[in-house]
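any chance you can model this:
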Amino acid sequence: MTAPTNRQPTVAIQTHGCKLNQADTAQLARRFAQAGYLLVESVAQADVYVLNTCTVTAGADSKARQALRAARRRNPDALVVATGCYPQRAADELAALPAVSLVVPNTDKERLVALVDDARAAAKPHPSGNNDAPIADAPPTQNWGRLRAMVKIQEGCNQVCAYCIVPKVRGRERSVPPETLIRQINREVSQGAQEVVLTGTQLGSYGFDLPDINLTGLLRRLLAKTDVTRLRVSSLQAQEINAELLDLWQHPRLCPHFHLPLQSGSNSVLTAMRRRYDTAQFANSAELIRNAIPHAGLTTDIIVGFPGEGHAEFQESLDFADAMRFSDAHVFPYSVRPGTSAAHLPYHVGDREKRERMNQMLAMTAGHFRDFRRQSLGQTRPVLWESANRGDGLPVWSGLTDNYIRVAAPHPSELRNTVTQARLLDLSAQTVTAQVLP
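Here you go, the predicted structure:
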């Protein structure tokens, strides 16, 4: 690594994992900018490369290591920084990688910029490698205040599910005060954000550590004291759904999209996972949502191959997920996480069997993905337009409806970062073709 010069230092930030990590990355980007760094997209242009990691699965760990090595190959002189959940779980493992200059766990994220400054001042050289290795560059960090802002309303988790490492890497639950959130959202709106996504590990627990506030009360205050065009709640648990909460969705600024992690449709597996609901409660919550909010998107997460999930339990899970008709689903094979109780359970499922079960679950959920979009045809919905594919003809704009359907529409005008009404016309692969309405 070359010694610092008098020119403005540059930093590229890449994010792996959840929306909570995206919110953390946005905060890091602002802190770097306030400290005088220029935020760049290209790793090759960066004096500092920061990877905000995920560690929820072994695959996430592998992806992080690959990205760190590729960044070093792409830019041998950069300060390569690993931060986030993986360093919180296994800092020594990452520190042992020759590609990594600095390891900063979640508990030290507030000090990351200062730690980077100290490391740059030390200017210790790192081994060089092949400078031609490909890497997916960081998102455009200078535009985090535009389009869609991730705002963290709480951190940590007290639920300690058997398979999950999050309580160890994110700590105990703690809520961000409402007035802090109101100021942050109003700042995001002043910088151009059309949509704010409220993120956290357990959003439904918001306010348990604050006086006279819960998630329902917070949403009321945010709707009253901010004027963001769209407000989206990133994830809730089945046991947190109730009529009082759902009544808020009569407000048109709250996006009619609910992400309810199922994890398994087998009650015996849910018990082994230490989830706090059963399939009957989950089905009741889904029915409450659909009765209160027609055309709401209902998405989920499903784990296949949890220890003790035999063929009968998997079939129960498949059948229940089929009955729920999710508008989309993320399906994961169970991944052993050191430090979780599930790692010590008997009857682990083999990798080949997990892959077969995942493929069956994905094939089933793909049908409901198409059905939900097919049923949306003819509807008029608000769309936040994000980007355009500009070919020889009209630009074709891509955006998301309020209920989380990806749409594409040809239109001659500049639509980026605007919300317009659009009529949904035809189903095409992963998107719905739409017509922008005046």
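
which residue lies closest in space to residue 247, excluding its sequence neighbours?
Leaving aside its sequence neighbours, residue 247 sits nearest to residue 292 (CB to CB, 6 or more residues apart in numbering; 7.5 Å). C-beta coordinates here come from the backbone N, C-alpha and C atoms, glycine included.

just residue 215 next, same as before
residue 206 (4.4 Å).

show me the contacts for the residue nearest to residue 247.
243, 246-247, 249 (CB atoms under 8 Å, 6 or more residues apart in numbering).

restricted to helices, list those.
Mapping the contacts of residue 292 onto helices (DSSP state H) picks out 243, 246-247.

of the contacts of residue 292, buried ones?
Listed as buried from the contacts of residue 292 are 246, 249; burial here means 16 or more other CB atoms under 10 Å.

can I get the contacts of residue 292 in TSV with pLDDT and distance to residue 284?
What follows is these, written out as TSV (pLDDT from 0 to 100; distance: CB to CB, whole Å):
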residue	pLDDT	distance to residue 284
243	97	11
246	98	12
247	98	17
249	98	17
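
let me see the ranges of the helices in the protein.
For the chain, applying DSSP H gives helices covering 19-34, 58-74, 85-95, 112-122, 166-170, 178-190, 215-225, 243-247, 267-273, 279-292, 311-324, 351-375.

distance from the fifth one to the middle of the chain?
Using CA atoms, centre = their mean, to the nearest Å, the distance from the centre of helix 166-170 to the centre of the chain it belongs to is 16 Å.

what residues does it touch?
If you take CB under 8 Å, 6+ apart as the criterion, helix 166-170 is touched by 20, 55-56, 85-86, 88-89, 106, 155-160, 201, 339.

give the contact list for the closest residue to residue 37 other than its chain neighbours.
Spatial nearest neighbour of residue 37, excluding adjacent residues (CB to CB, 6+ apart): residue 11 at 4.6 Å. Each residue near residue 11 by CB under 8 Å, 6+ apart is listed here: 32, 37-40, 46-50, 116, 141.

and what of residue 377?
The contact partners of residue 377, taken as CB under 8 Å, 6+ apart, are 424-427, 432.

could you redo the last one with a cut-off of 10 Å?
423-427, 432-434 (CB atoms under 10 Å, 6 or more residues apart in numbering).

ditto for residue 195
Residue 195 touches 147-150, 188-189, 228-232, 253, 255, 384, 400, 402, 417, 419, counting by CB under 10 Å, 6+ apart.

if we can go back for a sec, residue 174: which of the contacts of residue 377 is nearest?
residue 432 (39.5 Å; CB to CB).

just list whatever residues bridge to that closest one.
Beta-bridge pairing for residue 432 (DSSP bridges): residue 407, residue 427.

what's the separation between residue 194 and residue 384?
Going from residue 194 to residue 384 by CB to CB, to the nearest Å gives 5 Å.

same deal with residue 422?
10 Å.

anything in contact with each of the two?
399, 401, 415.

I'd say the second one and residue 376 touch.
Put plainly, it is residue 401. Yes. Counting by CB atoms under 10 Å, residue 401 does reach residue 376; the two are 7.8 Å apart.

between these two, which one's more packed in?
residue 401 (25 against 20; other CB atoms under 10 Å).

contacts only, for the closest residue to that one other than its chain neighbours.
Sequence neighbours aside, residue 381 is the residue nearest to residue 401 in space, at 4.3 Å (criterion: CB to CB, 6+ apart). The contact partners of residue 381, taken as CB under 10 Å, 6+ apart, are 256, 295, 400-403, 405, 407, 421-424, 432, 434.

now, of the residues you listed, which are buried?
For the contacts of residue 381, buried by 16+ other CB under 10 Å: 256, 295, 400-403, 405, 407, 422-424, 432, 434.

how deep is the spatially closest residue to residue 428 that is not a sequence neighbour tucked in, by neighbour count?
Leaving aside its sequence neighbours, residue 428 sits nearest to residue 408 (CB to CB, 6+ apart; 7.5 Å). Residues lying near residue 408 (other CB under 10 Å) number 20.

surely residue 408 and residue 415 touch.
No. Judged on CB under 10 Å, residue 408 makes no contact with residue 415 at a distance of 11.5 Å.

which neighbours do the two share?
By CB under 10 Å, 6+ apart, the residues touching both residue 408 and residue 415 are 383, 388, 397-399, 422.

and which of the residues you listed is nearest residue 363?
residue 398 (25.7 Å).
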